[in-house]
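Q: 3D, please:
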Amino acid sequence: MAQPTPIRGLGPDTRLGHAARRILAGRLADVRKPEASLQDGVDDESVHDMRVAIRRLRAALQVFRPIGGLGKKLEQQLKRIQDALGDVRDLHVQAAWLEGAAGKVEKAKPGTRAGITALRDARLAHLDAREGRLHAELERWVKRTVPRLLKRMDTLEDEHRFGGRRVRAQLRKRLSRVARRMDTYMDAADAESAHALRKDVKKLRYELEIFQPAFRRTMDALLEVLVPLQDGLGELHDADVRLELFEQLAAESAPRERKAARALLTLVRDERTKRAAEIARELQRWNAEEIPRRLRRLLA
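A: Model prediction:
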């Protein structure tokens, strides 16, 4: 995952309004770099990088919304471009995974490659329409959303401390939510609880990145633990999506594709078992290193 541009010169005593303007400007610059590449053509790397950068920008908008001037409508406009990027990215990921899986499955079950190729081609049949929607959303983003965001950023003023009580309370609330999600997942490690945990872990990570300049050393240590957990949950989610998809295809597709889907199900089930074990180890690490206690102590 692409890293956000470091924001230099901020500290716990920086005025919150000033920090908000600097961070939002940095997050916007991170979005605009891959955006420039997408003006000429849609490539997987630029789609991925822009999607991640948009997520980070949305997280910053949510964090700094209490300052005023950053309404929900602006965030909704960001979600439009994020969703369009996600629709294209999902097809890229599915096609790449199917291409890689074809070789593995063919060795165990000869004759399945043609069926897997047909499944891949069926996924990619939607790509042109999704890329068309993405180009329309990119135009809207450049002409409407970016100017509006720049205008709102200039109005942000807040004299509170960047590392003050308001910020600490916000992070404590986010940490408590993640802790509850972890408990739910450990009680029932199903797809729904894993997806909910993944979303909240992602939000916690992005908020820690935002406030990293105010609590640098501790945040660096926490992110070292949080990042692999988020990555693992993302891979587990991908496996759950594939599992549901291939179960459906194994029941509804033409004979050749049904055979391929059944073969792929075996691969995906093994993959999910492996990812779930990795998540269990990361959660053990989270508790063994007393991450919640260390973060609460920092935020007291």
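
Q: so Q212 sits against L222, correct?
A: No - contact status for Q212 versus L222: not in contact, 9.5 Å apart, counting by C-beta atoms under 8 Å. No exception for glycine: its C-beta is placed from N, CA and C like everyone else's.

Q: the more surrounded of those two?
A: The residue with more neighbours, out of Q212 and L222 and counting by other C-beta atoms under 10 Å, is L222; that gives 23 against 20.

Q: the residue lying closest to D44 once chain neighbours are set aside and D43, how far apart?
A: Excluding its sequence neighbours, the residue lying closest to D44 (C-beta to C-beta, 6 or more residues apart in numbering) is H92, at 4.6 Å. For H92, the distance to D43 under the criterion C-beta to C-beta, to the nearest Å works out to 9 Å.

Q: what sits against the closest residue in space to L138 that isn't next to it in sequence?
A: Using C-beta to C-beta, 6+ apart and skipping the chain neighbours, the partner closest in space to L138 is L38 (6.2 Å). For L38, the set of contacting residues under the criterion of C-beta atoms under 8 Å, 6 or more residues apart in numbering consists of 46-47, 50, 134, 138.

Q: most neighbours among the residues you listed, please name it.
A: When neighbours are counted as other C-beta under 10 Å, the busiest of those turns out to be M50, with 27 neighbours.

Q: that one: which element?
A: M50 is part of helix 44-64, with elements assigned from DSSP states H and E.

Q: what's the helix or strand following that helix packed up against?
A: Towards the C-terminus, the helix or strand next in line after helix 44-64, according to DSSP H and E, is helix 72-108. Contact partners of helix 72-108 among helices and strands, from 3 or more C-beta pairs under 8 Å, 6 or more residues apart in numbering; DSSP states H and E: helix 44-64, helix 113-124, helix 127-140, helix 146-153, helix 216-252, helix 255-288.

Q: buried residues in helix 72-108, which are they?
A: Of the residues in helix 72-108, those with enough neighbours to count as buried (16 or more other C-beta atoms under 10 Å) are 74-75, 77-78, 80-82, 84-95, 97-98, 101-102, 105.

Q: same thing with stretch 171-190?
A: When neighbours are counted by 16+ other C-beta under 10 Å, the buried residues of stretch 171-190 are found to be 171, 174-175, 178-179, 181-182, 184-185.

Q: which regions of the stretch 101-250 of the chain sit below the pLDDT cut-off?
A: Low-confidence segments of the stretch 101-250 of the chain, defined by pLDDT under 70, span residues 106-108, 217-218.

Q: which residues touch A118?
A: With contact set as C-beta under 8 Å, 6+ apart, A118 has these partners: 254, 256-257, 260.

Q: on that earlier part again, overlap of the contact sets of H92 and D43?
A: Contact criterion C-beta under 8 Å, 6+ apart; no residue bridges H92 and D43 by contacting each.

Q: ok, Q76 to I210 distance?
A: Taking C-beta to C-beta, one finds Q76 at 20 Å from I210.

Q: er, R293 I mean
A: Shown here: R293 relative to I210, a distance of 22 Å by C-beta to C-beta.

Q: neighbour-wise, which of these two wins?
A: Neighbours were counted for R293 and for I210 using other C-beta under 10 Å; I210 has more, 27 against 10.

Q: how close does T184 get to A191?
A: 13 Å.

Q: now do W286
A: Relative to A191, W286 is positioned 20 Å away (criterion: C-beta to C-beta).

Q: so which of these two has more stuff around it?
A: Using other C-beta under 10 Å, the more surrounded residue of W286 and A191 is W286, with 19 against 15.

Q: wait, the more buried one touches L229, no?
A: Yes - shown here, W286 and L229 form a contact pair, counting by C-beta under 8 Å, at 6.7 Å.

Q: burial of the residue nearest to R32 when sequence neighbours are not counted, as a residue count?
A: On the basis of C-beta to C-beta, 6+ apart, the spatially nearest residue to R32 that is not a chain neighbour turns out to be V146, at 7.7 Å. Applying the criterion other C-beta under 10 Å, we find 16 residues in the vicinity of V146.

Q: one more: A214?
A: For A214, the neighbour count with other C-beta under 10 Å is 21.

Q: what sits against it?
A: 10-12, 14, 19, 162-163, 167.

Q: if I look at V93, how far off is E137?
A: Taken as C-beta to C-beta, the spacing of V93 relative to E137 amounts to 19 Å.

Q: I should have written D44 there, sorry.
A: Summarising the geometry, the distance separating D44 from E137, computed by C-beta to C-beta, is 17 Å.
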